[in-house]
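Visitor: Okay, here's the prediction I keep looking at, along with the sequence it came from:
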Amino acid sequence: MAELNPLISVEDLRDYLSPTILLRIFDDDNTGDLDTVMASRPVQLVLTQAHANCVSWLPVMYNTLPDGDDAELPELLRGAELEYAKALAWDRHREIAKASSVDVDALYKRVDLKMTRLQESTLRIADSPPEAKPRNVGGLVRDEGFRVMCGTTSGVSNSGDF
(Lines give C-alpha, C1' and ligand atoms only; values in the text may rest on other atoms or scores of the structure.)
Protein backbone atom coordinates (compact mmCIF):
# COMPACT_ATOMS: atom_id res chain seq x y z
CA MET A 1 0.00 0.00 0.00
CA ALA A 2 1.23 3.48 -0.81
CA GLU A 3 2.47 5.63 2.03
CA LEU A 4 0.58 8.86 2.60
CA ASN A 5 2.81 11.90 2.89
CA PRO A 6 0.94 14.81 4.48
CA LEU A 7 0.81 18.08 2.58
CA ILE A 8 1.33 20.03 5.82
CA SER A 9 4.05 19.85 8.44
CA VAL A 10 4.05 19.85 12.22
CA GLU A 11 5.23 23.46 12.08
CA ASP A 12 2.17 24.38 9.98
CA LEU A 13 -0.10 22.85 12.61
CA ARG A 14 1.79 24.61 15.41
CA ASP A 15 1.47 27.97 13.65
CA TYR A 16 -2.21 27.39 12.88
CA LEU A 17 -3.23 26.28 16.37
CA SER A 18 -0.63 28.25 18.36
CA PRO A 19 2.03 26.63 20.57
CA THR A 20 -0.12 27.01 23.69
CA ILE A 21 -3.10 25.18 22.19
CA LEU A 22 -0.82 22.51 20.72
CA LEU A 23 0.62 21.85 24.20
CA ARG A 24 -2.84 21.76 25.79
CA ILE A 25 -4.12 19.20 23.31
CA PHE A 26 -1.08 16.95 22.79
CA ASP A 27 1.01 17.15 25.97
CA ASP A 28 -0.37 13.98 27.58
CA ASP A 29 2.76 13.48 29.74
CA ASN A 30 2.72 17.10 30.99
CA THR A 31 6.31 17.68 29.91
CA GLY A 32 5.70 21.27 28.85
CA ASP A 33 8.31 20.80 26.11
CA LEU A 34 6.97 21.92 22.74
CA ASP A 35 9.66 20.10 20.74
CA THR A 36 8.83 16.78 22.44
CA VAL A 37 5.12 17.28 21.77
CA MET A 38 5.71 18.21 18.12
CA ALA A 39 7.73 15.02 17.60
CA SER A 40 5.17 12.82 19.35
CA ARG A 41 3.23 10.03 17.71
CA PRO A 42 -0.23 11.58 18.32
CA VAL A 43 0.71 14.70 16.34
CA GLN A 44 1.98 12.56 13.47
CA LEU A 45 -1.22 10.51 13.55
CA VAL A 46 -3.34 13.67 13.33
CA LEU A 47 -1.34 14.87 10.32
CA THR A 48 -1.62 11.50 8.59
CA GLN A 49 -5.34 11.24 9.32
CA ALA A 50 -5.92 14.80 8.09
CA HIS A 51 -4.13 13.91 4.86
CA ALA A 52 -6.22 10.74 4.50
CA ASN A 53 -9.43 12.75 4.99
CA CYS A 54 -8.37 15.30 2.41
CA VAL A 55 -7.21 12.67 -0.09
CA SER A 56 -10.49 10.76 0.25
CA TRP A 57 -12.18 13.56 -1.73
CA LEU A 58 -9.58 13.60 -4.50
CA PRO A 59 -10.01 10.53 -6.74
CA VAL A 60 -12.72 12.44 -8.59
CA MET A 61 -10.27 15.27 -9.30
CA TYR A 62 -6.90 13.56 -9.78
CA ASN A 63 -5.70 10.44 -11.57
CA THR A 64 -2.83 10.12 -9.08
CA LEU A 65 -3.09 11.25 -5.49
CA PRO A 66 -0.90 14.22 -4.59
CA ASP A 67 1.44 13.94 -1.63
CA GLY A 68 3.85 16.18 0.20
CA ASP A 69 6.58 15.59 -2.39
CA ASP A 70 4.63 17.30 -5.19
CA ALA A 71 6.11 20.65 -6.19
CA GLU A 72 2.89 22.20 -7.47
CA LEU A 73 0.14 21.70 -4.92
CA PRO A 74 -2.96 23.83 -4.87
CA GLU A 75 -3.08 25.92 -1.74
CA LEU A 76 -6.74 24.97 -1.38
CA LEU A 77 -5.76 21.37 -0.67
CA ARG A 78 -3.12 22.43 1.85
CA GLY A 79 -5.63 24.70 3.56
CA ALA A 80 -8.26 21.98 3.70
CA GLU A 81 -5.77 19.51 5.13
CA LEU A 82 -4.75 22.05 7.76
CA GLU A 83 -8.39 22.52 8.73
CA TYR A 84 -8.87 18.74 8.96
CA ALA A 85 -5.82 18.61 11.23
CA LYS A 86 -7.28 21.36 13.39
CA ALA A 87 -10.61 19.52 13.71
CA LEU A 88 -8.88 16.22 14.46
CA ALA A 89 -6.63 17.84 17.05
CA TRP A 90 -9.56 19.37 18.92
CA ASP A 91 -11.49 16.11 18.53
CA ARG A 92 -8.67 14.32 20.34
CA HIS A 93 -9.68 15.98 23.61
CA ARG A 94 -13.26 17.18 23.35
CA GLU A 95 -13.26 18.26 26.98
CA ILE A 96 -10.52 20.79 26.22
CA ALA A 97 -12.44 21.91 23.13
CA LYS A 98 -15.59 22.35 25.19
CA ALA A 99 -13.75 24.31 27.87
CA SER A 100 -12.30 26.51 25.11
CA SER A 101 -15.74 27.00 23.50
CA VAL A 102 -14.67 25.25 20.30
CA ASP A 103 -17.42 23.47 18.36
CA VAL A 104 -15.60 20.47 16.88
CA ASP A 105 -18.57 19.38 14.77
CA ALA A 106 -18.73 22.86 13.21
CA LEU A 107 -15.02 22.55 12.32
CA TYR A 108 -15.68 19.27 10.50
CA LYS A 109 -18.71 20.74 8.71
CA ARG A 110 -16.69 23.75 7.57
CA VAL A 111 -13.87 21.70 6.09
CA ASP A 112 -16.29 19.20 4.51
CA LEU A 113 -18.12 22.11 2.89
CA LYS A 114 -14.82 23.47 1.61
CA MET A 115 -13.89 20.10 0.10
CA THR A 116 -17.37 19.76 -1.43
CA ARG A 117 -17.01 23.15 -3.10
CA LEU A 118 -13.51 22.28 -4.28
CA GLN A 119 -14.69 18.96 -5.65
CA GLU A 120 -17.71 20.50 -7.41
CA SER A 121 -15.60 23.24 -8.96
CA THR A 122 -13.26 20.72 -10.58
CA LEU A 123 -15.72 18.03 -11.70
CA ARG A 124 -15.69 17.22 -15.37
CA ILE A 125 -18.35 15.41 -17.36
CA ALA A 126 -17.11 12.01 -18.42
CA ASP A 127 -17.19 11.18 -22.12
CA SER A 128 -19.84 8.63 -22.88
CA PRO A 129 -20.94 7.09 -26.18
CA PRO A 130 -24.24 8.30 -27.65
CA GLU A 131 -27.31 6.24 -26.90
CA ALA A 132 -28.44 3.79 -29.55
CA LYS A 133 -31.71 4.48 -31.36
CA PRO A 134 -34.69 2.67 -29.91
CA ARG A 135 -35.66 -0.41 -31.89
CA ASN A 136 -39.32 0.53 -32.25
CA VAL A 137 -38.85 3.81 -34.14
CA GLY A 138 -40.09 3.77 -37.74
CA GLY A 139 -42.08 0.55 -37.54
CA LEU A 140 -44.95 -0.57 -39.78
CA VAL A 141 -48.44 0.91 -39.56
CA ARG A 142 -51.17 -1.67 -39.14
CA ASP A 143 -54.85 -1.37 -38.53
CA GLU A 144 -55.86 -3.92 -35.93
CA GLY A 145 -59.39 -2.89 -35.15
CA PHE A 146 -59.61 -0.18 -32.53
CA ARG A 147 -55.79 0.02 -32.26
CA VAL A 148 -54.34 2.21 -34.96
CA MET A 149 -50.62 2.79 -35.15
CA CYS A 150 -48.93 5.32 -37.40
CA GLY A 151 -45.35 5.39 -38.51
CA THR A 152 -44.73 8.98 -37.44
CA THR A 153 -42.07 8.99 -34.77
CA SER A 154 -43.20 12.28 -33.27
CA GLY A 155 -46.44 10.74 -32.03
CA VAL A 156 -48.57 13.51 -33.54
CA SER A 157 -50.79 11.19 -35.59
CA ASN A 158 -50.97 8.27 -33.20
CA SER A 159 -54.44 7.52 -32.00
CA GLY A 160 -56.21 4.68 -30.31
CA ASP A 161 -55.32 2.56 -27.33
CA PHE A 162 -51.82 1.20 -27.13
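Guide: Received, thanks.
Visitor: Quick check: which element contains residue 52?
Guide: According to DSSP states H and E, residue 52 maps onto helix 41-55.
Visitor: Same check on residue 36?
Guide: helix 34-38.
Visitor: what's that helix packed up against?
Guide: Applying 3 or more CB pairs under 8 Å, 6 or more residues apart in numbering; DSSP states H and E, one finds that helix 34-38 contacts helix 10-17, helix 19-26. All C-beta spots, glycine's among them, are computed from the backbone N, C-alpha and C.
Visitor: and the first one, what other elements does it pack with?
Guide: This points to helix 10-17. Packed next to helix 10-17, using 3+ CB pairs under 8 Å, 6+ apart, are helix 19-26, helix 34-38, helix 41-55, helix 75-92.
Visitor: And residue 33, how far from residue 39?
Guide: 10 Å (CB to CB, to the nearest Å).
Visitor: Contacts only, for the residue nearest to residue 83 when sequence neighbours are not counted.
Guide: In this structure, residue 83 finds its nearest non-sequential neighbour in residue 111, 4.1 Å apart by CB to CB, 6 or more residues apart in numbering. Contacts for residue 111 (CB atoms under 8 Å, 6 or more residues apart in numbering) come out as 53, 80, 83, 84, 87.
Visitor: Among those residues, which pair sits farthest apart?
Guide: 80 and 87 (10.6 Å; CB to CB).
Visitor: hmm, back to that, and for the helix holding residue 36, what are the contacting residues?
Guide: 10, 11, 14, 19, 22, 23, 26, 27, 31, 43.
Visitor: Count the neighbours of the closest residue to the first one other than its chain neighbours for me.
Guide: Right, residue 10. Closest residue to residue 10 apart from its sequence neighbours, by CB to CB, 6+ apart: residue 38 at 4.7 Å. Under the neighbour criterion other CB atoms under 10 Å, residue 38 is assigned a count of 18.
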